[in-house]
Structures are given as structure tokens and as C-alpha cells.
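Participant: the amino acid sequence is not available; the structure is as follows:
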Ligand SMILES: Cc1ncc(COP(=O)(O)O)c(C=O)c1O
């Protein structure tokens, strides 16, 4: 069966040069060649996250680093405030609970943004060791107002800000240091347009200081062990070495495009898809908070989304149904990663042919 071009919110399409990088000969992870490669990744990763701190590379998907953030940043008997307005916010709260953390949830309806004053009100009932926020809710196509929420959290020096940027990093500006984010985590297979299999996290000095006060950080995702090995340009356990070759190649491609240009391309694609969707359907996300990387479209015409995807497959394309309970009621078009204007135009043209 021919593999369709992916317009789903991860995995996204990977450039052939990056795929080719995966098949380079293996190197040992305790060799000088590896240390060179790993060292060369750091400055480019720091640019990507706009941080002067470190960026850990984890052989896991993004969920692993959600677990890492919850485990390392919340002390025994202390609480974590989870902002939940979609499936991934819910999931991260579950991750914290599964790690024995005391979770307090502040909620907004799916498709509505978390308001900074909701966080402010919840924090007044503190103390909290951390606030956990999904920057871009992939399930609803909504971008939460991270800089404004970060400003609120900054009033509480004991409270760390943990941000899931799984479907936003690389597609929209995120200023880790300037906004005061303590852990900013992402997966490879979304706006970075890498194969699935690794995850990245910018981690602040404050987060590391907190980790020292947590007795049970687990084993595989212990930030202090990540830090010890990073100092030697290594990882604690055998990493997904082919993915590091791919990351090396893709960081060069991303920086050659230019971060500003990359963000502008994402913004233009988002505008195009959202304008198209407004004319034919409606947007699921609240006005003013539409995601720059994935658009969730309310299925006002009651089209058969599975039939649409079968039709698109015939033309070598694939979009996404609504997430979980939104299946059928919404569908999602991702415009993240290396996708071009021409590819989006071709997709929209095909969907127009289906609904005509
Ligand atoms: C916002 C968000 N957080 C977390 C995840 C989980 O990431 P992963 O599948 O890389 O563990 C996803 C996956 O789609 C996501 O969109």
C-alpha cells in the first residue's frame, strides 16, 4: 500500500535527507565520535528553545518527559497544579497521579483557552511545587496563552513552570528563558519533522535544584543523572543513535530556513487553513487562540470523516479524525513541520472536491 503524505498532528512528513541520516553507520555511545556529535547538538538545541541552559535528549516519546517533569519537580507531599482543557492536559495530570503526586486541576472546556486569571486564582490557594500546562492542545487545535500564564506563575518563586510544547516547539516562538519556563518538553515527530522516537527538554537550573530535593526521581528519567552525563557529552543509557544523526541533520535544515522564517511559514499556513475552514465549516478552537500548527475543524456539514480520509488516501494524503470523544464531530488538519504552501493547497483542493 502506498504511504500517504501526512497532514496528521504527528508523526509528520520527514525530509528524505533526514531519513537518509538515519541509516548512517552506527557509532558507540561511549566513543569520542559520539561525544562530538552530542556536543554539537547542544548550541543548536539551545537556540531552538531560546535558552542558555541545557537541553536533554531522551530516548522516549514526549510522554516520558512529562513523567520526568512531574517526578523531578514535585516534592513528596507537595502539590502540582495541572491546567486541563483537552486530552493531553488530562493525560499529563494522569501521569502525575500515576507517579504518586498530589494533583489539583484547573479546567477550561475543551476548545476554550486556560485564562491567566484562572491560574492566578488557583495559585492563591497554594503552595504548589509546579504548574503544568499544555502549550498547544493537539486534541482541540488550541494554543494556550503561555507568556501571560508564565507571568502569573513568576509571582510564585517556589512554583516551577512545566510546559508541554510537544506540538508547538519548532512551529511557533517559545522563549524558554525569557518567559521563565523551567521544563519545556517536546517530541521529535511533530513540528520538528523528525521521525518518532526521541524527545527533548530544556531544563532550568531551578528545576535541577528542585530535583535535588526530591527523594524518588525514578531511574530512567532522573534529571540529575541526565545532567551528569551531559557534562561528558553522553546519555545515561544507550540512546537512539540513528535519531541523533537525524536530529543533527534536521537542526541544520531548521536553522538554514531560519527560526523566524519557519514560524512565519507556520503562521501563514495556519491562516490559510483556518480561513478555508471558516468558509466551509467552523473552527473548534475559541477565536484568538487558534493553533499555529494544527487546525481542529467542527464538522458542521456532517461529512463522513473516514470516507474523506479514504478518498484522500487515493490521492496520497492523510488527515486526522477528531481526537477521542471529538471523533466525527471534528477533524484535524496539521500544518506543522516542513509542510509547504503548495502541499496545503493541494490538500484543500482535494477536500473541496470531496465536499462539492
Ligand atoms: C500536546 C501533546 N502532548 C503529549 C503528547 C504525547 O506525545 P508522545 O506521543 O510523543 O508521547 C502528544 C501527542 O500527540 C501531544 O500532542
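Facilitator: Looks like it arrived, so ask away. Given the structure is predicted, the values throughout are model-derived calculations rather than measurements.
Participant: just the strands in the stretch 1-150 of the chain please.
Facilitator: 5-6, 54-58, 79-84, 102-107, 130-134, 136-137, 142-143 (DSSP state E, counting those that start in this stretch).
Participant: any idea which of those is most buried?
Facilitator: strand 136-137 (a mean of 32; mean count of other CB atoms under 10 Å). For glycine as for every other residue, the C-beta is placed from the backbone atoms N, C-alpha and C.
Participant: re earlier: select, out of the strands of the stretch 1-150 of the chain, the one closest to the ligand.
Facilitator: With CB to the nearest ligand atom, the closest approach to the ligand among these belongs to strand 130-134: 5.0 Å.
Participant: does that closest one come close to the ligand?
Facilitator: Yes: interface with the ligand: strand 130-134 contributes residue 134 (CB under 6 Å from any ligand atom).
Participant: contacts only, for residue 122.
Facilitator: 81, 104, 106, 128 (CB atoms under 8 Å, 6 or more residues apart in numbering).
Participant: need the strands of the stretch 1-150 of the chain in a markdown table with mean pLDDT, can you?
Facilitator: Shown next, in a markdown table, are these (pLDDT from 0 to 100):
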| stretch | mean pLDDT |
| --- | --- |
| strand 5-6 | 98 |
| strand 54-58 | 98 |
| strand 79-84 | 99 |
| strand 102-107 | 98 |
| strand 130-134 | 99 |
| strand 136-137 | 98 |
| strand 142-143 | 98 |
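Participant: with distance to residue 45 added, can I get those strands in TSV?
Facilitator: TSV is the format used below for the strands of the stretch 1-150 of the chain (distance: least, CB to CB, whole Å):
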stretch	distance to residue 45
strand 5-6	24
strand 54-58	4
strand 79-84	26
strand 102-107	30
strand 130-134	21
strand 136-137	19
strand 142-143	22
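Participant: among the ones you listed, which is nearest residue 338?
Facilitator: Ranking those by distance to residue 338, with CB to CB as the measure, places strand 5-6 first at 10.8 Å.
Participant: mind listing residues that contact that closest one?
Facilitator: 12-13, 316-318, 334, 343.
Participant: ok, stretch 299-319 next?
Facilitator: Residues from elsewhere that reach stretch 299-319, judged by CB under 8 Å, 6+ apart: 2, 4-8, 280-282, 321-322, 327-334, 346-347, 350-351, 354-355.
Participant: so which of these sit within strands?
Facilitator: Judged by DSSP state E, these include 5-6, 282, 321, 330-334 as members of strands.
Participant: can you pick the most crowded of the residues you listed?
Facilitator: Within those, neighbour counts (other CB atoms under 10 Å) peak at residue 334, which reaches 29 neighbours.
Participant: name whatever forms a beta bridge with that one.
Facilitator: Bridge pairing for residue 334 (DSSP bridges) gives the partners residue 294.
Participant: distance-wise, check it relative to residue 47.
Facilitator: Distance, residue 334 to residue 47, by CB to CB, to the nearest Å: 24 Å.
Participant: ok, residue 248 next?
Facilitator: Taken as CB to CB, the span from residue 248 to residue 47 is 14 Å.
Participant: please apply the same query to residue 331.
Facilitator: 35 Å.
Participant: do residue 153 as well
Facilitator: 24 Å.
Participant: okay, these two: which has more neighbours?
Facilitator: residue 153 (25 against 14).
Participant: which parts of this structure sit against the ligand?
Facilitator: Residues of the chain lying near the ligand (CB under 6 Å from any ligand atom): 10, 61-63, 88, 134, 138, 164, 166-167, 187.
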